[in-house]
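Trainee: have a look at this prediction, sequence included:
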Amino acid sequence: MAAIVIFDFQNCLILTLLCLFSSLFIFAFVFYFKKQNNGIDLPPIPPSLPIIGHLHLLLTAPLGLAPLHKCFHKISSKYGPFLHLRIFHVPVVLISSASVAYKIFTDHDINISFRGAVAIDESHVFGSYSFFRAPYGDFWKLMKKLMVTHMTGPQAVEKSRDTRTTELQGFYRNLLDKATKNKSVDIGEEVKRVVINILGKSMAVTFSEGEEVMEFVNELTALSPMFFVAQIFHKPLEKLGISLLKYNIMEVSDRFDGLWEGIIVKHEEKVDSLLAVYPDESAKSEVTRNHIKSLGAELFFAAGDTSSQTARWAMAEILNNPKIFERLREEIDSVPERFLGQDEETREKALKFLAFGAGRRACAGSNLGYILAQTIVGVMVQCFDWEIEGGEKVKTEEASGLRFFMAMAHPLKCTLLPRDINLNIREADEVV
Ligand code: HEM
């Protein structure tokens with residue numbers, strides 16, 4: 001009898017606790033929903049947890065982070081193509097349908113043309129002088145004009161053609177040297193190096209800081225998760241007097257401030273002329289020395305990491321598919337001109353995958369990005385035979401965790417043999 005009473009008592013307690021927690025949960029949910037909704041029609045919200053929101057859907061056991069795109073794919077397969085998520089207090093709209101994405105980029109682009117508040121104001125990258133973090137407006141337009149005119153627009157890209165040719169020849173000679181000495185080559189790092197040198201020399205004719213800039217880009221890549229975390233937590237924690245996250249970011253930013261200062265001092269005349277051309281035209285926005293520094297740092301990061309990851313993934317696929325490798329080589333060796341005119345088609349296809357984003361805040365260097373990726377992969381395929389280190393196939397697992405661009409979990413390392421060909425490294429005139 002006593003056992004039965006205890007059993008009933010336990011059941012009652014569990015039932016009471018269940019009622020209590022579910023009412024609390026419903027109350028929190030309704031309160032949160034009301035607060036967030038503000039009369040706006042929000043997309044559906046999958047069930048979330050108090051405080052962390054949907055963070056648990058991005059975690060794998062034991063508390064690791066799976067590649068983000070895979071988590072998003074899993075969430076949208078379960079709950080639908082257009083969702084409202086919340087990571088702590090940060091709202092996220094998840095779109096996984098081409099037609100919804102198209103509608104957003106055409107009808108609502110202006111509303112998504114801001115990447116959220118700056119994490120650490122003082123940082124030279126993604127701080128308050130940042131182009132990348134700037135809201136869409138007069139300052140952003142001024143900086144974009146500066147970038148397109150001097151660096152990424154069709155005329156600027158045409159103007160830097162000789163620089164690219166010289167650097168690509170240097171890239172080839174470096175690989176040839178490693179081939180002769182039977183040294184291993186990390187494809188991603190070699191590509192990053194040549195992209196940084198091309199960019200540096202297109203910006204400022206004499207550029208000898210390639211290795212230091214590369215170190216900076218690598219450190220920023222390693223800090224990527226910190227930037228995400230700082231964007232969510234830094235400002236609320238700072239109000240409580242805690243600024244742990246700031247320390248690591250500022251340590252890198254301050255160290256490399258000296259490097260940018262050195263580059264700028266060497267090109268003082270050019271920077272002065274830029275600042276003179278882009279004065280405070282309408283008293284609404286002003287380009288300062290700090291803005292130029294920040295833009296330089298962000299461009300090296302935006303171009304270096306993306307181009308090297310793109311070339312790495314492309315080479316992994318090509319090396320894993322010998323038939324494609326041979327076909328590609330035949331196409332480059334024979335008459336590449338016959339593929340001209342297919343550029344538009346390729347670009348349209350790429351838009352479907354949003355490799356360069358879309359809308360106002362799409363990649364500002366996509367034109368250059370295409371040329372760099374195509375010519376660099378072209379040199380690697382045309383000039384060398386490749387042997388993958390550590391196996392027959394390249395391991396193509398994706399790296400997990402928070403990062404700006406999807407990386408491979410393992411470095412792509414190869415040894416290579418030069419081909420006996422009549423080499424003529426140049427871009428096809430019509431490519432640019
Ligand atoms: C294969 C190479 C590249 C890829 C895959 C790539 C991809 C991207 C993506 C996905 C974005 C974000 C778009 C968005 O938020 O919707 C972006 C932004 C950007 N990229 Fe690239 N990119 C590449 C090369 C370059 C190069 C070579 C440059 C410049 C020299 C560059 C400069 C930028 C800048 C400045 C932004 C920020 C644009 C803004 O905020 O208005 N990128 N890129």
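Mentor: Yep, it's here. Numbers count the residues shown, from 1 in each chain.

Trainee: please count neighbours and contacts with C-alpha atoms only from this point.
Mentor: Noted.

Trainee: test my guess that Leu368 contacts Val157.
Mentor: Yes - the pair Leu368 / Val157 is scored as a contact, 6.8 Å apart, by C-alpha atoms under 8 Å.

Trainee: give me the low-pLDDT residue ranges for the stretch 101-250 of the chain?
Mentor: Scanning the stretch 101-250 of the chain for pLDDT under 70 picks out the ranges 205.

Trainee: quick one: name the residues of it near the ligand.
Mentor: Counting by C-alpha under 6 Å from any ligand atom, the residues of the stretch 101-250 of the chain close to the ligand are Phe132.

Trainee: quick one: contacts for the residue in the stretch 101-250 of the chain positioned nearest to the ligand?
Mentor: Proximity of the stretch 101-250 of the chain to the ligand (C-alpha to the nearest ligand atom) peaks at Phe132, 4.3 Å away. Applying C-alpha atoms under 8 Å, 6 or more residues apart in numbering to Phe132 gives the contacts Arg115, Phe126, Glu298.

Trainee: before we move on, what about Glu298?
Mentor: By C-alpha under 8 Å, 6+ apart, the neighbours of Glu298 are Val125, Phe126, Ser130, Phe131, Phe132.

Trainee: I'd like these laid out as a markdown table, including secondary structure.
Mentor: As requested, the contacts of Glu298 are arranged in a markdown table below (DSSP: H, G, I helix; E, B strand; the rest coil):
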| residue | secondary structure |
| --- | --- |
| Val125 | coil |
| Phe126 | coil |
| Ser130 | coil |
| Phe131 | coil |
| Phe132 | coil |
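
Trainee: by neighbour count, which of those wins?
Mentor: Of all these, Val125 has the most neighbours under the rule other C-alpha atoms under 10 Å, reaching 30 neighbours.

Trainee: contact residues of the stretch 301-432 of the chain facing the ligand?
Mentor: So far as C-alpha under 6 Å from any ligand atom goes, the stretch 301-432 of the chain lies against the ligand at 302-303, 306-307, 310, 355-358, 361-366, 368-370, 373.

Trainee: please pick the buried ones from those.
Mentor: Buried members of those, counted by 16 or more other C-alpha atoms under 10 Å: 302-303, 306-307, 310, 356-358, 361, 363-366, 368-370, 373.

Trainee: which ones among the residues you listed lie within helices?
Mentor: Ala302, Ala303, Thr306, Ser307, Thr310, Ser366, Leu368, Gly369, Tyr370, Ala373 (DSSP state H).

Trainee: need those in JSON lines (columns: pLDDT).
Mentor: Below are those laid out as JSON lines (pLDDT from 0 to 100):
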{"residue": "Ala302", "pLDDT": "89"}
{"residue": "Ala303", "pLDDT": "93"}
{"residue": "Thr306", "pLDDT": "93"}
{"residue": "Ser307", "pLDDT": "93"}
{"residue": "Thr310", "pLDDT": "94"}
{"residue": "Ser366", "pLDDT": "92"}
{"residue": "Leu368", "pLDDT": "93"}
{"residue": "Gly369", "pLDDT": "93"}
{"residue": "Tyr370", "pLDDT": "90"}
{"residue": "Ala373", "pLDDT": "93"}
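
Trainee: kindly indicate which of those lies nearest Pro46.
Mentor: Proximity of these to Pro46, judged by C-alpha to C-alpha, is greatest for Thr306, which lies at 32.1 Å.

Trainee: shouldn't the closest one be in contact with Ala407?
Mentor: No - counting by C-alpha under 8 Å, Thr306 stays clear of Ala407, with 9.3 Å between them.

Trainee: re the thing from before, from Lys181, how far out is the residue of the stretch 101-250 of the chain closest to the ligand?
Mentor: 41 Å (C-alpha to C-alpha, to the nearest Å).

Trainee: now swap in Cys414 and tell me
Mentor: 13 Å.

Trainee: so between those two, which is more surrounded?
Mentor: Cys414 (18 against 11).

Trainee: mind listing the residues bridging to the more buried one?
Mentor: In this entry, Cys414 is beta-bridged to Val185, Ile388, by DSSP bridges.

Trainee: pull the contacting residues for it.
Mentor: Ser184, Val185, Asp186, Ile187, Trp386, Glu387, Ile388, Glu389.

Trainee: out of those residues, which is most surrounded?
Mentor: The contacts of Cys414, ranked by neighbours (other C-alpha under 10 Å): first place Ile187, 23 neighbours.

Trainee: surely that one is in contact with Arg312?
Mentor: Yes - look at Ile187 against Arg312 with C-alpha under 8 Å: they come within range, at 6.3 Å.

Trainee: overlap in contacts of the two?
Mentor: With C-alpha under 8 Å, 6+ apart as the test, Ile187 and Arg312 both reach Leu412.
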